[in-house]
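In: Here is the input, now give the coordinates:
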Amino acid sequence: MNRTSRLAGLCLPALLALWALLTCGGAFAQPDASMNAGNGNPNNSANTAAATAPPPTIAELRAQFARIAPSGKGNASVVPGAEDDARKQLAQINEIGVQADKFVAARTGELADLNARLGELGNPPAAGATEDPNITRQRAQLTKERNALDADIRLAKLLAIDVRQRGTDVVSQRRQQFEAELTSRAASPLSGEFWDDLREAWPDDFERLQAIGAALGDGFDQALQPESRTPVIASFIGALLLAWLGVWAAERGLARLATRVLPAGRLRRSLLVIAIVATHVLLVAVAAHGVVEVLKAHAMWDAQARKALQSTAQTLTFMAFIIGLGRGLLATGRPSWRLPAIPDLTAQRLSALPWLVALVAALAWTPAELNALIDASFAAVVTTHVATALLLTALVGTVVYRLKALRADAPDAGLPERPMWVGVLVALIVVLVITIWVLVAFGYVALASFLASQLTWSGIVAAAFYVLFKFADDLFMAVVSSRSASGQRLQKSFGLAPQTLDQAATVLSGLSRVALFFYMLVALAAPLGTGPGEVFQRGGKLGTGVKVGEFQLVPGAILSAVAVAVIGFIVLRVFKRWLSRSYLPSTQFEPGMQSSITTLLGYVGGILVVAFSLSALGIGIERIAWVASALSVGIGFGLQAIVQNFISGLILLAEQPVKVGDWVVLGTTEGDVRRINVRATEIQLGDRSTLIVPNSEFITKTVRNMTLANAEGRVLIRLPMPLTTDAQRVRELILEACRAHEGVLETPAPSLTLEGIENGLLIFQAIAYVPSPRLAGGVRSDLLFTILDALKQADLPLATPTTLVMAAPAPVLPAEPSPAPATPASPLPGTTST
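Out: Okay, the predicted model is just below:
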């Protein structure tokens, strides 16, 4: 295993830790939701007892479910503690549903075993027939057990349905209550009524604060007694060292480890950010919760004090998450490792921003925790909403102003031009901040507090998922891409093309981004009246599937189908490679037949892989048949040619009238068959170009296969020579030239025939055979050169074609005037004149 794959495996715990802490932060994102952090959490001894206790029976689960009071539907009134009660109730209902599902899953296998054993015993004998009493007794016992178990499973399934219905009712009630709280109007902080209510409620609230302060003081006094002072103080010192020096040392150690283990690249940067965040969270969580456990072990704390300690530890952990995320993204000590494209000067100026965000978030959400602990008055709750809205909007405004000041130095800092969508987003944030202030002024403090908390929480979620998006992209590009070391190993091992690996890396990165985007939406919705456990529960419910028409889209089934397809095609490719390189060459099949078998099995295997993938997706045979029936209509209208070529390709591979490597003549096309695809066949012509011919052409038209029955080629040479030529001498020279050529076969032997006399010329025809028709052209050319030289040396000239030269007629001149008649001379002897 290479270094990239090994560290990619090591990074999964860090990734899970980052996501877990991100979702756990949802409890802090809502002011009222954070009131309940720690409510309903059992102590360690209860957890240990629950872990060792046997699983409850269906009767016990039904009794627990009956003891849960049904929620009143439509009750949207704001009652102190109602949200806490609803959250506890929903947690109890969900736990019962989980236990019921576990019972069904565990007992289903037992029921199948009982049915199988009953099947082995067979049916009861007919009336009047006898049977071994042991078999009869065993069948009766198994039937009794089977019926009881089947009844329990049915009751468990019915209980699961009731649990889901009750949970839906509780969630609906909480949503109505949440909406009522948001739209409720209180006294404006600009009015005297607001301050009068706060002045009247302050003594009671202050008394409750003093009570919890006294409870905490008593607990610390008891913990700092001489017999327990040493371990308590040591735990505080150890927690500080772990949370401060441990984080500092871990950051530098992780950087050195990444440099040694991981190759240079983007994966090293994104993985280091996740490791830094996980280190901050884990170390601070161990330190904070360790101190809490030590304090619990050395002092007696009441319920409120325990909740206060747990809330403090959770707040510190969430602060560590924010600080670690900011430090990992800014990377002020390692500019070359910085994940976002931020100049070094800008990162230095923003280095204090994570600490500010963590501190303000803690200060904004701590009053809500106190309100839950002391059961504060309505005036205190309203004041908390006002303080949260103003404090968080001040934080957002500070961040926006700071970034705007840095943008003013963009030319000097080398910052790129800001995209338009960033400007629009900043404008929307400014408008939202102003809207929150207006809502506070008019008394809609709950809505203002929620919007301010959601705005801050959205920024934290966006920063965290930015890291996760980068990590997912970098991981697949570093592991699967053809440019990576592991990708090159995959390319060599499975014979994959670089383009295929790059496409696979892009697709896997896209799928992971889609899954992360889904969970980002769930995390953004975390403040909407839900807690961390409900975030996972909501994601699990959505993960059970989304019904579109008659088809159920299940994310798990989609991932299973993708995994089956990827693994199936990899196995198919390995099988084809073994078949073509190892097994088939050892058989007596010729190369063309071997290629056809490999291609045909590849098609069959591809169809099986697709069928298995569809089955994993939840599409059964009946649905595939329905799709095929629907496609038949399209085939009847426009896909005849495609189907015809596909069937023709299968016929070519099965009957093999044309094989890979054959030399065929199709009309005016002549060349070698290089590949028979599912739709068309590739023919390489003499000029090295490739002609793609539909497969139906080979089935419906006349095809001349030069190498189907006999792979030998023939060379034909015709020579005209004068009648006076020594025919016997010509025969000897030509046959000698044919025998001397290394490309001419000895069997069948070359031959020379005198075809006859045409136009006063002797016509000689020489025939020689070569191993392949592809060699005929070159051998014919070599033989012609050799024969012409031999005839020239033997003074045996070839016939010269007769050339007729047509002379143009002389031009007709105009006639001259006749001269005057002369005295005729005496005629010559023997002539006659007229």
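
In: for the longest helix anywhere in the chain, packing partners?
Out: Ranked by residue count under DSSP state H, the longest helix found in the chain is helix 133-183. Packing contacts for helix 133-183, counted by 3 or more CB pairs under 8 Å, 6 or more residues apart in numbering; DSSP states H and E, involve helix 58-67, helix 82-121, helix 445-479. From N, CA and C alone the C-beta is placed, and that goes for glycine too.

In: After that helix, which helix or strand is next?
Out: helix 192-223 (DSSP states H and E).

In: Determine the angle, from 0 to 180 degrees, between that next one and helix 445-479.
Out: Between helix 192-223 and helix 445-479, the angle comes out at 60 degrees (axes from the mean of the first three to the mean of the last three CA atoms, to 10 degrees).

In: Just say which of the helices and strands packed on helix 133-183 is most tucked in.
Out: Across those, averaging neighbours per residue (mean count of other CB atoms under 10 Å) puts helix 445-479 on top, at a mean of 22.

In: List of residues touching the helix or strand that comes right after it?
Out: Moving toward the C-terminus from helix 445-479, the next helix or strand (DSSP H and E) is helix 485-494. Helix 485-494 has contacts (CB atoms under 8 Å, 6 or more residues apart in numbering) with 2, 4-5, 263, 478-482, 496-498, 501, 505, 570, 573-574, 577.

In: Specify the residue ranges that define each domain of this protein.
Out: Listed by automatic domain parsing, the domain ranges of the chain are 3-41+191-535, 58-77+79-183, 545-638, 639-709, 713-793.

In: Would you tell me which one of these is buried the most?
Out: Among those, domain 3-41+191-535 has the highest mean neighbour count (mean count of other CB under 10 Å), at a mean of 18.

In: picking up where we left off before, tell me which of the helices and strands packed on helix 133-183 lies nearest to residue 756.
Out: Closest approach to residue 756 among those (CB to CB): helix 445-479, 76.1 Å.

In: could you give the angle of that closest one to helix 485-494?
Out: Helix 445-479 runs at 50 degrees relative to helix 485-494, counting by the same axes, to 10 degrees.

In: related to what we said a few turns ago, show me how far the longest helix of the chain is from its chain's centre.
Out: Offset of helix 133-183 from its chain centre (CA atoms, centre = their mean, to the nearest Å): 36 Å.

In: So for it, mean pLDDT?
Out: Mean pLDDT, computed over helix 133-183, is 77.

In: and the angle from that helix to helix 58-67?
Out: For helix 133-183 against helix 58-67, the angle by the same axes, to 10 degrees is 20 degrees.

In: Quick one: the strands in this structure, in order.
Out: Using DSSP state E, the strands found in the chain span residues 546-548, 551-553, 663-666, 669-676, 680-685, 690-694, 704-705, 713-722, 751-758, 761-770.

In: I'd like those strands laid out as a markdown table, including mean pLDDT and distance to residue 96.
Out: Formatted as a markdown table, the strands of the chain follow (pLDDT from 0 to 100; distance: least, CB to CB, whole Å):
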| stretch | mean pLDDT | distance to residue 96 |
| --- | --- | --- |
| strand 546-548 | 55 | 25 |
| strand 551-553 | 60 | 25 |
| strand 663-666 | 86 | 73 |
| strand 669-676 | 84 | 62 |
| strand 680-685 | 88 | 62 |
| strand 690-694 | 89 | 64 |
| strand 704-705 | 84 | 75 |
| strand 713-722 | 87 | 84 |
| strand 751-758 | 87 | 97 |
| strand 761-770 | 89 | 86 |
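
In: Distance to residue 94 added to these, as JSON lines?
Out: Shown next, in JSON lines, are these (distance: least, CB to CB, whole Å):
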{"stretch": "strand 546-548", "distance to residue 94": "21"}
{"stretch": "strand 551-553", "distance to residue 94": "23"}
{"stretch": "strand 663-666", "distance to residue 94": "70"}
{"stretch": "strand 669-676", "distance to residue 94": "58"}
{"stretch": "strand 680-685", "distance to residue 94": "58"}
{"stretch": "strand 690-694", "distance to residue 94": "61"}
{"stretch": "strand 704-705", "distance to residue 94": "72"}
{"stretch": "strand 713-722", "distance to residue 94": "80"}
{"stretch": "strand 751-758", "distance to residue 94": "95"}
{"stretch": "strand 761-770", "distance to residue 94": "83"}
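
In: Between its first and last residues, how far does stretch 330-344 reach?
Out: 9 Å (CA to CA, to the nearest Å).

In: can you give me the offset of it from its chain's centre?
Out: So, by CA atoms, centre = their mean, the centroid of stretch 330-344 is 28 Å from its chain's centroid.

In: likewise stretch 718-737?
Out: Distance, centroid of stretch 718-737 to centroid of chain: 75 Å (CA atoms, centre = their mean).
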